[in-house]
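> Requesting a structural model of the entry that follows:
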Amino acid sequence: MFFSEGMDLSWLEAWWIWSAVAIALGTVLWARRQKKVYRRLAKSDDAKLAHLRARWETAPTPGERRAIEILLAHVDSLQARWFLDAGQLNAWEVSRTMVSGMAAAYHPDSEDPLTRARIGPMLTGFLRLKDALLELTRMPGMGGLLQLRLRHIETLQNAWQKKKAWDNSTLGKFARRWNVYFIMKWATNIARCGDALFWLFKSGGFVLYDIAFKRMLVRWYLALGEVALEVYGGPDRRPQLPDDEVLEDLDDLEEPKVELADFPPEVRAIVEKSRRELLLATKTLTWKEIEQIDRQLVKDIAANYHPEAEQPLKEATLLDCLLSLSRMCESLSSLKDRKVISKVLDLRLSHLLKIKRVADTVLDSQWFDYLKKYKVGEAVKYSTLAYKTFKRGNPGVLFKDIAYTVAREGGKRWLALYIHGKVAREADRVYSLAPLNTEN
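Below is the predicted model:
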């Protein structure tokens, strides 16, 4: 018998009660400790916000002032909310919107403000973003949150969308009008005031989502915004186009190699097929087309490791994505040490995207004739050869413009191959780490 004479509780029941009390007390103490940690982080972020506001007051141009306002508005809006909605959970889209707005503030007359980025600060900024991403993975109390998969975050987004649909329905409007939510919330809290398990999960959930995730997003937007201020600000120097010598530097660039033997056979086939799309393209590839090739590569690799998942891309964990992005940022930042890149650090991306009409004719008629003939991937060397051939036959053309455009197109193909190899490596690394199942 578990019951003793004269006692209402068995020893097993007493053990469960005291265990529950210990767990509840431990949770409360843990939550208090975590809140102190996040308060320290918040103070650090508040110091950065104060610095930004001081910079706004002394901003030399209206563009910089407006860019700072956009950054502050994003952060203040995030900190003012008790709960994160579906839009704020989509950090990638919010980041792009914020940077686009800041770029437009600096360059309101530009058709594509994002391309007004200064190359030197941008490459340096990638290194700062790498450090910021690694810092996010080391934030205290983030272990559980970082193990969430992207599909879990999407589930939260879908829940918010359903909530909005309910709020806009006739019944939802009625419930809001008569404060049904408020009454039910407090009735539930009062009824469960003695339920230790209920308050344990309520406190833990508050710390995890409302404090931890929101603090992580605030720190990310601050880091990204500070980089954007440097990348899109600064003086607009008259671009000095590369001369013929830049082609010699391009010749010295080795074609980006990918160790295909390091990939599993199935992934190796995927990477080879995708890489050939870049190598054998017989027309000028836009950055949008290059991005589509890279996105499809990631999708195919994810599907290889998660064939039964409805959305294989969503099987990656938040931690793996952050670490992968940090490695990509480091790889892109290292480009500034290459000789040919060092000659264009003072230019903006828009300067490299300008196309001379006469140079387009050359590229269409000369450069791609070589690519079609040889069907190989050494785009830089063949672009140089096309330029030299054209120069011999057309001595009256502005060589500098031609050299510049050939360098731009050849360099773009080289950079596309470089990024493609990094994307393949990171996609294989991220999705091979995830278990091969789709259980929630």
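> which residues are contacting the one helix or strand V75 maps to?
Under the criterion of DSSP states H and E, V75 resides in helix 62-80. Identification of contacts with helix 62-80 by C-beta atoms under 8 Å, 6 or more residues apart in numbering yields 49, 52-53, 55-56, 59, 84, 88, 94, 98, 101-102, 105-108, 214, 217-218, 221-222, 225, 228-229, 232-233. Backbone N, C-alpha and C define where each C-beta goes, glycine included.
> Buried ones among those residues?
The neighbour-count test (16 or more other C-beta atoms under 10 Å) marks 49, 52, 56, 59, 84, 88, 94, 98, 101-102, 105-107, 214, 217-218, 221-222, 225, 228-229, 232-233 as buried among the contacts of helix 62-80.
> Show me the shaky parts of the stretch 101-250 of the chain.
Along the stretch 101-250 of the chain, segments meeting pLDDT under 70 span 141, 143, 154-169, 171-211, 236-250.
> what's the answer for the stretch 301-440 of the chain, then?
The model of the stretch 301-440 of the chain has pLDDT under 70 over residues 340, 343-410, 434-440.
> Spatially nearest residue to W287 (excluding sequence neighbours)?
In this structure, W287 finds its nearest non-sequential neighbour in K412, 7.8 Å apart by C-beta to C-beta, 6 or more residues apart in numbering.
> Now for A42, how many residues are close by?
18 (other C-beta atoms under 10 Å).
> Name the helix or strand for it, please.
Assigned by DSSP H and E, A42 belongs to helix 11-57.
> try S331
Counting by DSSP H and E, S331 is part of helix 318-333.
> What's the first helix or strand after that helix?
Sequence order places helix 339-342 as the next helix or strand after helix 318-333, per DSSP H and E.
> which helices and strands sit right next to that next one?
In terms of contacts (3 or more C-beta pairs under 8 Å, 6 or more residues apart in numbering; DSSP states H and E), helix 339-342 is packed against helix 245-252.
> Buried residues of the next helix or strand after the helix it packs on, list them for me.
Later in the chain than helix 245-252, the nearest helix or strand by DSSP H and E is helix 265-279. For helix 265-279, the neighbour count (16+ other C-beta under 10 Å) marks V267, R268, I270, V271, S274, R275, E277, L278, L279 as buried.
> how far away is the fifth one from A424?
Spelled out, that is S274. 7 Å (C-beta to C-beta, to the nearest Å).
> swap in the third one?
The spacing between I270 and A424, counted by C-beta to C-beta, is 8 Å.
> Give me the common contacts of these two.
By C-beta under 8 Å, 6+ apart, the residues touching both I270 and A424 are L297, I301.
> residues in contact with the closest residue to D45 other than its chain neighbours?
Spatial nearest neighbour of D45, excluding adjacent residues (C-beta to C-beta, 6+ apart): V218 at 5.6 Å. By C-beta under 8 Å, 6+ apart, the contact list for V218 reads D45, V75, L78, Q79.
> any idea of the pLDDT on the third one?
Right, the one you point to is L78. pLDDT recorded at L78 is 88.
> From L89, how far out is it?
From L78 to L89 the distance is 11 Å (C-beta to C-beta).
> related to what we said a few turns ago, what secondary structure does the residue nearest to D45 sit in?
Under DSSP: H, G, I helix; E, B strand; the rest coil, V218 falls in the helix class.
> Distance of it relative to G144?
According to C-beta to C-beta, V218 and G144 sit 19 Å apart.
> Kindly report the same for I70.
I70 sits 32 Å away from G144, going by C-beta to C-beta.
> neighbour-wise, which of these two wins?
Comparing I70 with G144 by other C-beta under 10 Å, the one with more neighbours is I70, at 19 against 10.
> residues making contact with stretch 255-273?
By C-beta under 8 Å, 6+ apart, the surrounding residues in contact with stretch 255-273 are 275, 297, 300-301, 304, 377-378, 380, 414, 417-418, 420-421, 424-425, 428, 432.
> Just the ones of those in helices?
Among the contacts of stretch 255-273, the members found in helices (DSSP state H) are 275, 297, 300-301, 304, 380, 414, 417-418, 420-421, 424-425, 428, 432.
> can you pick the most crowded of those residues?
I301 (28 neighbours).
> In this structure that residue contacts D428, no?
Yes. With contact defined as C-beta atoms under 8 Å, I301 reaches D428; the gap is 5.8 Å.
> Now for the residue lying closest to S95 once chain neighbours are set aside: which residues touch it?
The shortest distance from S95 to any non-neighbouring residue, by C-beta to C-beta, 6+ apart, is to L224 (5.8 Å). Neighbour list for L224: S95, M98, V99, L129, A132 [criterion: C-beta under 8 Å, 6+ apart].
> export those residues to JSON lines and tack on distance to I293 and secondary structure?
What follows is the contacts of L224, written out as JSON lines (distance: C-beta to C-beta, whole Å; DSSP: H, G, I helix; E, B strand; the rest coil):
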{"residue": "S95", "distance to I293": "22", "secondary structure": "helix"}
{"residue": "M98", "distance to I293": "27", "secondary structure": "helix"}
{"residue": "V99", "distance to I293": "23", "secondary structure": "helix"}
{"residue": "L129", "distance to I293": "24", "secondary structure": "helix"}
{"residue": "A132", "distance to I293": "28", "secondary structure": "helix"}
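> Which one of those is nearest to E310?
When the contacts of L224 are ranked by distance to E310 (C-beta to C-beta), S95 comes first, at 25.7 Å.
> Could you measure from the closest one over to W220?
8 Å.
> returning to what we had before: what distance do you get for the residue nearest to D45 to L323?
Using C-beta to C-beta, V218 is found at 20 Å from L323.
> just H107 next, same as before
Using C-beta to C-beta, one obtains 33 Å as the distance from H107 to L323.
> do E291 as well
Using C-beta to C-beta, we find E291 at a distance of 22 Å from L323.
> And T137, by the same measure?
As judged by C-beta to C-beta, T137 and L323 stand 6 Å apart.
> Comparing the two, which shows the higher neighbour count?
Using other C-beta under 10 Å, the more surrounded residue of T137 and L323 is L323, with 20 against 16.
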